[in-house]
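Chemist: coords below, sequence missing:
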């Protein structure tokens, strides 16, 4: 059993306790300190502190407020470890944040101090109890409202990041329950429960979280943008993972299923998908830091403002017309730009028919805009077909098809569905397209279009739109990507063929390929489970019998073999535990079945 699971199991009863009664005396760490705290070294107050005019008394108790930085960690296990200096540093940062350190003030528009307090504790288990003890110590017999308010901010942030040991957990809960007159106490208890249930974060609080609590806001609403140019604000908790966020958005929009949809972060001219298993604020925090590290020397730091988008990522299960909300909000608006860029192989008749549907989506039954078609042809006809005939000829073709469609289509939504059904007949429907330069296969043109879709990885001639090759996901044994390349091995790792491509979008190709294969493996696993269940049910109702001579006991799956290096996807569903950091488009070698990030 994982250590995290053990913690949940041993603390379940404590977490689910209902607040029954609150003692008149606020709970402290006095009893806990007798067994777990180290003996503090002899203190000598500096002249500055001796002359301080503060009205707060310094009780000189190891478990109560102090105005002087500690000389060693509070806990025995920390003092006797290599982390003692880190514990002292975190306490100093706590004092600075709370305004208790002479000559230091809290930095309001920065995560510098919160990073110093929480970063080491997130990396080392031994320091988590230490940080909780330090916070509770400085909040005991404090006496100054401004300092206490800042201390509550830190406790609020801490409870959303990580929990503590079982023994200390009871103390922390008792501390919070005995201070319910403070507005944040109950919220901190609830956050602590969610952290125990959902697991701890990997990174310190994001700036958005720090700013929220500093402005006395415990609910963070994040704006999410959709392909149809609409947006909506959603509540995001510190413990919210991307998969949970996606599900919430899907339900809010009335989607039948959020499978295949993903969150994307647009930052510094990049669009990167958020892995399902990652905590949302962890990913954004890490991605922001990554962008900063990629700034060349001498150049200004790029704009780190980001947008959150929600779009369909995987098209394996899409059936046009089965989910009208998905078609209306996402599928039409995601497929239209690809059609207009000329990625599909379409005839003039195809283009004119589709253009008539696009016109109907834009203008419904209003024919007064027909005269604008020649001047705005790029909004209706694929780029590669614009010169196939004159603008006026295109207009006549589009109007002809429009009039033929009028009797059958009642409004823009039906026109969107008709458009999607029409182009979904093409092999490239639902593809993500990448224009690359290949350097390995002489029989292919130097410039290629790679289309990744439900069929696999498709190589397309950009001039003729003819398919040069289709590599099913089952045949791809390895791939890697970097800032300027994408490499892929087809077939056997030793004797298989390799495709080496130059592209700046290798990280997107890597992520998309990984996601499709992870989905495929998940589907295969579900199939096998269903077949095993069916066999078990059959055995219970039928007498066992020997198979006919030569008969096979195969599962019946259409897929008969799996490459040796094809592994099941990470259990967290999004590669959250992958050693590759979230969303970083850097050099990386990949074996089939390890979810990555876009």
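Modeler: Okay, I see it. Note that the coordinates shown come from a computational prediction; the quantities given were computed from them, not determined experimentally. Numbering: from 1, shown residues only.
Chemist: and residue 345, how many neighbours?
Modeler: 17 (other C-beta atoms under 10 Å). C-betas here are computed from N, CA, C, even on glycine.
Chemist: Pretty sure it sits against residue 428.
Modeler: Yes - using C-beta atoms under 8 Å, residue 345 is in contact with residue 428, at 7.3 Å.
Chemist: what residue ranges in this structure score low on pLDDT?
Modeler: For the chain, the stretches flagged by pLDDT under 70 are 1-24, 40-59, 103-109, 407, 530-531, 533-598.
Chemist: What segments of it are strands?
Modeler: 220-225, 231-236, 261-267, 270-273, 307-312, 432-438, 447-453, 456-460, 467-471, 476-481, 485-490, 497-502, 588-591 (DSSP state E).
Chemist: so can I have JSON lines of these showing mean neighbour count?
Modeler: Output for the strands of the chain, formatted as JSON lines (neighbours: other C-beta atoms under 10 Å):
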{"stretch": "strand 220-225", "mean neighbour count": "16"}
{"stretch": "strand 231-236", "mean neighbour count": "14"}
{"stretch": "strand 261-267", "mean neighbour count": "20"}
{"stretch": "strand 270-273", "mean neighbour count": "21"}
{"stretch": "strand 307-312", "mean neighbour count": "19"}
{"stretch": "strand 432-438", "mean neighbour count": "19"}
{"stretch": "strand 447-453", "mean neighbour count": "21"}
{"stretch": "strand 456-460", "mean neighbour count": "22"}
{"stretch": "strand 467-471", "mean neighbour count": "16"}
{"stretch": "strand 476-481", "mean neighbour count": "21"}
{"stretch": "strand 485-490", "mean neighbour count": "20"}
{"stretch": "strand 497-502", "mean neighbour count": "17"}
{"stretch": "strand 588-591", "mean neighbour count": "18"}
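Chemist: Reformat those strands as JSON lines; add distance to residue 79.
Modeler: Output for the strands of the chain, formatted as JSON lines (distance: least, C-beta to C-beta, whole Å):
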{"stretch": "strand 220-225", "distance to residue 79": "37"}
{"stretch": "strand 231-236", "distance to residue 79": "38"}
{"stretch": "strand 261-267", "distance to residue 79": "42"}
{"stretch": "strand 270-273", "distance to residue 79": "42"}
{"stretch": "strand 307-312", "distance to residue 79": "44"}
{"stretch": "strand 432-438", "distance to residue 79": "55"}
{"stretch": "strand 447-453", "distance to residue 79": "55"}
{"stretch": "strand 456-460", "distance to residue 79": "56"}
{"stretch": "strand 467-471", "distance to residue 79": "59"}
{"stretch": "strand 476-481", "distance to residue 79": "46"}
{"stretch": "strand 485-490", "distance to residue 79": "50"}
{"stretch": "strand 497-502", "distance to residue 79": "55"}
{"stretch": "strand 588-591", "distance to residue 79": "41"}
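Chemist: so which of the ones you listed comes closest to residue 123?
Modeler: strand 588-591 (22.6 Å; C-beta to C-beta).
Chemist: if I look at residue 83, how far off is residue 473?
Modeler: Plainly put, residue 83 is 45 Å away from residue 473 if you go by C-beta to C-beta, to the nearest Å.
Chemist: What of residue 170?
Modeler: Where residue 473 is concerned, residue 170 sits at a distance of 50 Å (C-beta to C-beta).
Chemist: Comparing those two, which shows the higher neighbour count?
Modeler: Shown here are residue 170 and residue 473; by other C-beta under 10 Å, residue 473 has more neighbours (20 against 16).
Chemist: Isn't that one up against residue 456?
Modeler: Yes - between residue 473 and residue 456 there is a contact at 5.2 Å, judged by C-beta under 8 Å.
Chemist: residues in contact with residue 505?
Modeler: 434, 486 (C-beta atoms under 8 Å, 6 or more residues apart in numbering).
Chemist: redo that, cut-off 7 Å
Modeler: By C-beta atoms under 7 Å, 6 or more residues apart in numbering, the contact set of residue 505 is residue 434.
Chemist: Residue 486 versus that one, what's the distance?
Modeler: Separation of residue 505 from residue 486 (C-beta to C-beta): 8 Å.
Chemist: next one: residue 474
Modeler: Residue 474 sits 19 Å away from residue 486, taking C-beta to C-beta as the criterion.
Chemist: Could you do residue 338 as well?
Modeler: 19 Å.
Chemist: out of the strands of the chain, nearest to residue 242?
Modeler: strand 261-267 (5.3 Å).
Chemist: Adjacent strands (with direction) for that closest one?
Modeler: strand 270-273 (antiparallel), strand 307-312 (antiparallel) (DSSP bridges).
Chemist: Generate TSV for those, with distance to residue 111 as supplementary columns.
Modeler: TSV is the format used below for those (distance: least, C-beta to C-beta, whole Å):
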stretch	distance to residue 111
strand 270-273	21
strand 307-312	19
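Chemist: Now do the contacts for residue 37.
Modeler: 62, 63, 74, 75, 76.
Chemist: Let me fix that, I meant to ask about residue 338.
Modeler: residue 433.
Chemist: wait, isn't residue 364 in contact with residue 411?
Modeler: Yes - counting by C-beta atoms under 7 Å, residue 364 touches residue 411, with 6.2 Å between them.
Chemist: pretty sure residue 445 contacts residue 461?
Modeler: Yes - the criterion here is C-beta under 7 Å, and residue 445 meets it with residue 461 at 6.0 Å.
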